[in-house]
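Colleague: Task: produce atomic coordinates for the following.
(one chain, ligands or ions: 1)
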Amino acid sequence: MTLEEKVRKTLAELGATDAQSVETLFAEVRAAMEAERQDLVSRGATSEAERNQLCKALRDRWLARKSGLVSLIDENWLKKAGKELKPTVGRRFNELREHSAGVEVDALLRAVPVSLEVHVSDPMHRTDSVAAEVSPAVALTDLTLPGYRRPLGSIHPVTRVMREIEDIFLNLGFAIETGPEVESVYYNFDALNIPESHPARDDWDTLYVDAQTVLRTHTSPVQIRAMEKHGAPLYIIIPGKCYRHDNPDSTHSPMFHQIEGLAIDTDITFADLKGTLDFFAKKFFGEKVRTSFHPSFFPFTEPSGEVAISCVFCDGQGCRICKESGWIEVMGCGMVHPEVLRHGGLDPDRYSGWAFGLGVERYAMMKYDINDIQLFYQSDVRFLEQF
Ligand code: DAH
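Modeller: Okay, here's the model as predicted:
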């Protein structure tokens, strides 16, 4: 009985009623598959086309979805095996399937040599054909084969939003400035006019490295560093990582990103702040968006404000996301406190400035309708490949 005939019968019909005879049958199948593969590999082919055709024929004989030998074994031997024999048949069938990767076209093409026609021209311009066998080793290093395709990554949504915000301000003539994430208590708090008694200084909010050093809790300390370094006029934005003693939940993370903005010149007013931030909000969230400014408090600005935008989800009508208010708060801002200018080495009688600070993750969550900040940090490709 040929192999083709055997795989069309059930194990019972073949009289394979115990594990031993199942083993023998599968050994026979594997030996046949290997022999046919070897036969093809050692035979070679006289042309590329013939090689492709031989490889495809062998693949189809074994792996064709409906009538390939492996499928027939699945149908007739495995699926119809009795309860007792099933585990043995299953195990051997899985092995056979793994082994059958060797008769996939790709694998075969790599292994099967082609006899090349080599053309040699002599000085009389006469062309002779000489057939040369190429050994399997040479065929294995065929440099004309296409390379392996590696999946492309994508830009992380937080980075993407950060760059988008940066671009808006770069186009307005702002420059990008950065500073250290491990920061001194002086730059993180004192120079920013944050008093010794301020609750943010508490161990519970700030991650201390030692008594004089913290993981910066905001990007604002770079305001002082930039004033010291560049003086005025100064138009900068400061993107970067910040750290707080927060337990992770759907809106908090001990590490997050901020972008700070700072404009200092001889005649900066609150109107400049409002105009620039309204322009920014429309560029980022869409021209339809309206902004609203209301008073707030930060030690490093006076006056201080919060900027809210008309809710991008309900267009200001009131919904679950804006808690029925029609507005969403998007940043803190204010006129730079004279004390802060002084700490940066600038004369508050000559210069004035405005500043803002925003949380990048929040912007990304709004932009892409993401409801859990933790998704940004879990490196789950199913999440990341959507961007
Ligand atoms: N640093 C503030 C924070 O982390 C945000 C902020 C508010 C920055 C107002 C500013 C500002 O520059 O003017 O909460």
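Colleague: Find the closest residue to the ligand in the stretch 51-200 of the chain.
Modeller: Of all residues in the stretch 51-200 of the chain, L192 sits closest to the ligand, at 8.0 Å by Cβ to the nearest ligand atom. C-beta coordinates here come from the backbone N, C-alpha and C atoms, glycine included.
Colleague: which residues does that residue contact?
Modeller: If you count contacts by Cβ atoms under 8 Å, 6 or more residues apart in numbering, L192 has them with S220, P221, Q223, I224, P299, F300, V340, H343.
Colleague: Quick check: the fifth one vs W204, distance?
Modeller: Right, the one you point to is P299. 18 Å (Cβ to Cβ, to the nearest Å).
Colleague: quick one: which of those two has more around it?
Modeller: P299 (17 against 10; other Cβ atoms under 10 Å).
Colleague: Check the contact between the more buried one and N193; I expect there is one.
Modeller: Yes. Between P299 and N193 there is a contact at 4.6 Å, judged by Cβ atoms under 8 Å.
Colleague: which neighbours do the two share?
Modeller: Common neighbours of P299 and N193 (Cβ under 8 Å, 6+ apart) are H337.
Colleague: Strands of the stretch 51-200 of the chain, start to end?
Modeller: 116-121, 127-132, 175-176, 182-184 (DSSP state E, counting those that start in this stretch).
Colleague: other SSEs contacting the shortest one?
Modeller: Just to be clear, that refers to strand 175-176. strand 234-243 (3 or more Cβ pairs under 8 Å, 6 or more residues apart in numbering; DSSP states H and E).
Colleague: What pairs with the strand it packs on, parallel or antiparallel?
Modeller: Sheet pairing of strand 234-243 (DSSP bridges) gives strand 175-176 (parallel), strand 255-265 (antiparallel).
Colleague: could those strands be laid out in CSV, adding mean pLDDT and mean neighbour count?
Modeller: Formatted as CSV, the strands paired with strand 234-243 follow (pLDDT from 0 to 100; neighbours: other Cβ atoms under 10 Å):
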stretch, mean pLDDT, mean neighbour count
strand 175-176, 98, 12
strand 255-265, 98, 22
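Colleague: Tell me which of these lies nearest to the ligand.
Modeller: strand 255-265 (5.3 Å).
Colleague: where does the closest one sit relative to the chain's centre, distance-wise?
Modeller: Centre-to-centre, strand 255-265 and its host chain are 25 Å apart (Cα atoms, centre = their mean, to the nearest Å).
Colleague: That strand and the ligand in contact?
Modeller: Yes. Applying Cβ under 6 Å from any ligand atom, one finds strand 255-265 touching the ligand at E260.
Colleague: Tell me the confidence at the closest residue to the ligand within the stretch 201-350 of the chain?
Modeller: Relative to the ligand, the nearest point of the stretch 201-350 of the chain is G332 (2.9 Å; Cβ to the nearest ligand atom). For G332, the model assigns a pLDDT of 98.
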